[in-house]
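**Student:** The sequence and its predicted three-dimensional model are supplied below.
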Amino acid sequence: MIQLTAHAQALLKKLHAAYAGQPFEEGKEEQFRPLDLCRAEQRLALSELRQAGFLAALLKMWGEKLYYIPEEHLSTIQSLFFPYAPYFEDSSEVHIYMEEGIGLANELFQALLFVEREGLPITGKGSIHKKNIARLTSKLTLQDKHLRGLSLRYPSSDIYTLPAAVMLDLMLCLGLIKREESAYILCVEVLESWLNLSESVMSDLLFNVAMKRYGSSDPAAQHFRYLIARPEFVVREWFSLTHLLDWMESSGLVMPIQRAGLEASSLAWLECLAGCGWCQVGTDREGGLCFRWIRMKPQLRGFTPRAHPVSASPASFIVQTDFEVLVPPDVPYYVRWCLACCAELLSMDSMWSYRLSREQLELAYDRRMPPDKVISWLDEHTVGGLPQEVRLVLEQWGKDIGRTSFADVLLLSCREEEDADAIAAHPRLQGLLCRLGLAHFSILREHEQYVRKELIAAGLAPPNGVQGREAGILTASPEWYLKKPEHPSGYSLPSADTQQGLMAINSPLLYLQPAPLEPDVPPLMEEESIPSMWFKELHRYHTTTAQKIMEQALNSGIKVRLSIEEEIQEFIPTRIKGNPWRIAGYIMSSKEGEILEERELPAGSWNEMQLIIPRSITIPPSVTATGYVMINETTHKVDQHYT
């Protein structure tokens, strides 16, 4: 549990409202200092937030700092400082104008299938072929209308459609594909881990990535995204966008001048959520915008990479006598992927639909999936086993597949016939070469490296390259299509510094180094150079000395305790005026809620004085913010949804 002082709480609330998770320059926090708080107390509150983990810092080139609130704490802070009671719309009066899509996890599944089957070849200019982008886009239900309001920036925007660009960005930053010299290819091991996740975990991960990469960086827009993700916004209930923005304005999370911009960015975000299958957007009776979460509302999670557990769902589907395969919602994605390798995916509604055909069985054979093993796998995963009539037809199709085949071989040519004779007689090359005429041999491609090594050792080294070979489109087909791995590894989201996406994310959080956390609060003033009497007790001083003490307080940003007309009061000096000498500042009031006004005190207008050095609050380095904070002298436990 982290206990924050009242000053730290007040500062955190104001910084959160003003900046959300966006960085701000060191010194900007001064504008939020209340009149009854001296500069030293403000610095201590800032240091307290740093030690507690609610505030982080980055180092700029010349040592200046940028502060920001870490994203993993934004939802917790917002819920604690800005509690919200939702207003529900009457669903009978809502007209839906944007339905939900099939779900971002399913869109990503389609995109990954496309990469495996057709590939993403790269042109000489470094972009993907336009025809491949067009075909990829045609596979998706995500459309431009869902994304056009997000102002996404990415290279080759004249070639890449918005849906295709988002899919490429997701596959890259999730580590599911990587760029090679001639094409983007699947990262098979990462793909295996991803497909072993449950749909709910996939949805949560994708939502968090979308929150970070596709939402506006404007603080008010960030507040909106975190607000509607809170548990108060329950599934299937309609919420008025106007009512929500009114509350944000009254709570200080958006300024009136920013209202129009926030309404536009909020609508753009809701349309994106609808396209990704998370919500619906509609209008109420008066034409006001409203929205609701549907199906599987994603949860905010920490952004720290960690292993996620594999799905424990049953792996059975239904095969009908008309060769249609129906996949219930709880069937794991690795089974759906394996099924897509031997059947045509028709639809991705709540119950997925595939179709078995001779053509798909032939394509499966091309993917190194023999018909007999495909039939065995289908029978194992079908509820009640394959229908007998379906099995007989599949077996008949399988008999005609693979009766003849082409082999992709290399041609080894010799300049002299005597070299060919020496190679043919080489004891370690027996069975690896097939002689064609006097000076040529055929070699299977998988034996190329071994044969090359033996030729080099025999003094018959061939050139490094292969004549006529071009860089082909590299694709990857997982070899685990026949069964679930016995010990699948959990998926881990790549860390922010290793993520490779398509979108241009211009945030200093990605390229600046973190500033080290100071082990102790730096001294507010050099106490050893100041007479101890100045801060140990109230005392009457000569006018000249009293002026020096006031100047010291002003320079150090601390308070002074004064005795004025036999009353002890605290004073915050703000500036010195001369001719005659006067000190301007604020006298703290004992009356709660009284508005402070700046006053000028001439020399000699107080009797006794004492410097007040604020106490520092040191939090052990091993303690970090974990979802608990002290608010208004009480402790509130935060729902694990936010931790």
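**Tutor:** Structure's in. What do you need?
**Student:** make it CA atoms for all contacts and neighbour counts henceforth
**Tutor:** OK.
**Student:** How about the contacts made by Phe571?
**Tutor:** Contact partners of Phe571, counting by Cα atoms under 8 Å, 6 or more residues apart in numbering, are Lys559, Val560, Arg561, Leu562, Gly585, Tyr586, Ile587, Met588.
**Student:** Among these, which one sits closest to Glu48?
**Tutor:** Of all the contacts of Phe571, Glu48 sits closest to Lys559, with 19.3 Å by Cα to Cα.
**Student:** contacting residues around the closest residue in space to that closest one that isn't next to it in sequence?
**Tutor:** Closest residue in space to Lys559, ignoring its immediate chain neighbours: Ile572 at 4.9 Å, by Cα to Cα, 6 or more residues apart in numbering. Residues in contact with Ile572 (Cα under 8 Å, 6+ apart) are Asp36, Leu37, Cys38, Leu554, Ile558, Lys559, Val560, Gly585, Tyr586, Ile587, Met588.
**Student:** Report the secondary structure state of the fourth one.
**Tutor:** Per DSSP: H, G, I helix; E, B strand; the rest coil, the secondary structure class of Leu554 is helix.
**Student:** Angles on the backbone of Ser413, please.
**Tutor:** Here is the backbone geometry of Ser413 (degrees, to the nearest 10): phi -110, psi 140.
**Student:** my read: it touches Gly437, true?
**Tutor:** No: applying Cα atoms under 8 Å as the test, Ser413 and Gly437 come out as separate, 10.3 Å apart.
**Student:** Same drill for the two, tell me which one is more crowded.
**Tutor:** Remark: of Ser413 and Gly437, Ser413 carries more neighbours, 16 against 9, as counted by other Cα atoms under 10 Å.
**Student:** Kindly tell me how buried the residue nearest to the more buried one when sequence neighbours are not counted is, as a neighbour count.
**Tutor:** Of all residues not flanking Ser413 in the chain, His440 sits nearest, at 4.6 Å (Cα to Cα, 6+ apart). Using other Cα under 10 Å, His440 has 16 neighbouring residues.
**Student:** Now do the contacts for His440.
**Tutor:** Residues in contact with His440 (Cα under 8 Å, 6+ apart) are Leu411, Leu412, Ser413, Cys414, Ala420.
**Student:** Would you reformat the residues you listed as a markdown table and include distance to His95 and pLDDT?
**Tutor:** As requested, the contacts of His440 are exported to a markdown table (distance: Cα to Cα, whole Å; pLDDT from 0 to 100):
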| residue | distance to His95 | pLDDT |
| --- | --- | --- |
| Leu411 | 68 | 90 |
| Leu412 | 71 | 90 |
| Ser413 | 74 | 91 |
| Cys414 | 77 | 91 |
| Ala420 | 80 | 92 |
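**Student:** Tell me which of the residues you listed fall in strands.
**Tutor:** Those of these mapping onto strands are Leu411, Leu412, Ser413, per DSSP state E.
**Student:** Is it possible to get JSON lines of those residues that adds distance to Phe54?
**Tutor:** As requested, these are arranged in JSON lines below (distance: Cα to Cα, whole Å):
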{"residue": "Leu411", "distance to Phe54": "66"}
{"residue": "Leu412", "distance to Phe54": "66"}
{"residue": "Ser413", "distance to Phe54": "69"}
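**Student:** what about stretch 141-155, start to end distance?
**Tutor:** 23 Å (Cα to Cα, to the nearest Å).
**Student:** Quick check: buried residues in it?
**Tutor:** Thr141, Leu142, Gln143, His146, Leu147, Gly149, Leu150, Leu152, Tyr154 (16 or more other Cα atoms under 10 Å).
**Student:** Just the mean pLDDT for that stretch, thanks.
**Tutor:** In this model, stretch 141-155 has an average pLDDT of 94.
**Student:** neighbouring contacts of that stretch?
**Tutor:** 101-102, 107, 161-163, 165, 214-216, 264-265, 268-269, 271-276, 502-504.
**Student:** now the helices: where do they sit in the stretch 401-550 of the chain?
**Tutor:** Ranges of helices within the stretch 401-550 of the chain are 417-424, 448-457, 508-511, 533-536, 543-556, based on DSSP state H, counting those that start in this stretch.
**Student:** Can you flag the weakest of the ones you listed by average pLDDT?
**Tutor:** Among the helices of the stretch 401-550 of the chain, helix 508-511 carries the lowest mean pLDDT, at a mean of 76.
**Student:** so what does it touch, helix or strand wise?
**Tutor:** In terms of contacts (3 or more Cα pairs under 8 Å, 6 or more residues apart in numbering; DSSP states H and E), helix 508-511 is packed against no helix or strand at all.
**Student:** Dump it to PDB, restricted to CA.
**Tutor:** The C-alpha coordinates for helix 508-511 follow below in PDB (Å, rounded to 0.1, in the frame of the first residue of the first chain):
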ATOM      1  CA  PRO A 508       9.600  10.700 -26.500                       C
ATOM      2  CA  LEU A 509       8.800   7.700 -24.300                       C
ATOM      3  CA  LEU A 510      10.200   5.500 -27.200                       C
ATOM      4  CA  TYR A 511      13.600   7.200 -27.700                       C
END
